[in-house]
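Colleague: pasting the sequence and the predicted model now:
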Amino acid sequence: MEMPVIDLEELHCEKRSKTIALLQETCEKWGFFQYLVRGLREHTDAGGIILMLQDDQVPVLQFLKDGEWVQIPPSRNNTIAVNTGDQVEVLSNGRYKSALHHVMAEKTESRLSIATFYNPAGDALISPAPKLLYPHHYHFQDYLKLYSTTKFSDKGPRFESMKSMANGHHNLHV
């Protein structure tokens, strides 16, 4: 069996079961798999700190700054890009914002990028200093549940929902 190239976009269509079976079979046989990169639309990351080593030739990321998309250059000399996620924004009470970004699709060149996510434990209690405005005293796993369904939406309603849940209300505002 030659190692297949897996199109992860097929996880969101009628080929889902076939794609999951192929993923399982490939991982059992090879321990890893190749996949087609089509880019990833704009989003913030759920966790804490993200370290990104991009390809040294092909740019991968763009961040939104002052209403403009700014391309992060390729990682020359092993430069690591650091991104802050939603939990850093909450812990800092908004002083350090989670960065809105997207992964660009490159159709003509192959690339290698490595992202490492440093996240709190699922049962970590997330909270800025007392009496601050951001949501506080919630478990990271609760945030991940909400994030998984709203990743590509504005983060403001997510934070409002977490505030509401932390105050004992379990209805979501998203």
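Modeller: That came in fine, so what should we check first? Residues are numbered from 1 along each chain as shown.
Colleague: how close does the residue nearest in space to the middle of the chain sit to Val88?
Modeller: What sits nearest the mean C-alpha location of the chain, by CA atoms, centre = their mean, is Asp45, with 3.6 Å. According to CB to CB, to the nearest Å, Asp45 and Val88 sit 9 Å apart. Bear in mind the C-beta positions are built from the backbone N, C-alpha and C, glycine included.
Colleague: list the contacts for the residue nearest to the centre of the chain?
Modeller: Asn83, Gly85, Asp86, Ser98, Phe117 (CB atoms under 8 Å, 6 or more residues apart in numbering).
Colleague: so the third one sits against Ile50, correct?
Modeller: By that I understand Asp86. No: the criterion here is CB atoms under 8 Å, and Asp86 misses it with Ile50 at 10.9 Å.
Colleague: same for the lengthiest helix in the chain, what does it pack against?
Modeller: Scanning the chain for the longest helix, with DSSP state H as the assignment, gives helix 16-30. Under the contact criterion of 3 or more CB pairs under 8 Å, 6 or more residues apart in numbering; DSSP states H and E, helix 16-30 touches strand 5-6.
Colleague: report the rounded mean pLDDT for the strand it packs on.
Modeller: In this model, strand 5-6 has a mean pLDDT of 70.
Colleague: with stretch 59-73 instead?
Modeller: Rounded mean pLDDT across stretch 59-73 is 88.
Colleague: where do the helices sit along the chain?
Modeller: Using DSSP H, helices in the chain cover 16-30, 86-91, 140-150, 155-166.
Colleague: indicate which one of those helices is closest to Trp69.
Modeller: helix 155-166 (17.7 Å; CB to CB).
Colleague: buried sites along the closest one?
Modeller: Within helix 155-166, the residues that count as buried by 16 or more other CB atoms under 10 Å are Lys155, Arg158, Phe159, Ser161, Met162, Lys163, Met165, Ala166.
Colleague: what angle separates it from helix 140-150?
Modeller: If you take axes from the mean of the first three to the mean of the last three CA atoms, to 10 degrees, helix 155-166 sits at 140 degrees to helix 140-150.
Colleague: tell me how far helix 155-166 is from the chain's mean position?
Modeller: A distance of 18 Å separates the centroid of the chain from that of helix 155-166, by CA atoms, centre = their mean, to the nearest Å.
Colleague: who are the packing partners of it?
Modeller: Using 3+ CB pairs under 8 Å, 6+ apart: helix 155-166 touches helix 86-91, strand 138-139, helix 140-150.
Colleague: my guess is Ile126 contacts Asp142. True?
Modeller: No: Ile126 lies out of contact with Asp142 (CB under 8 Å); the separation is 9.1 Å.
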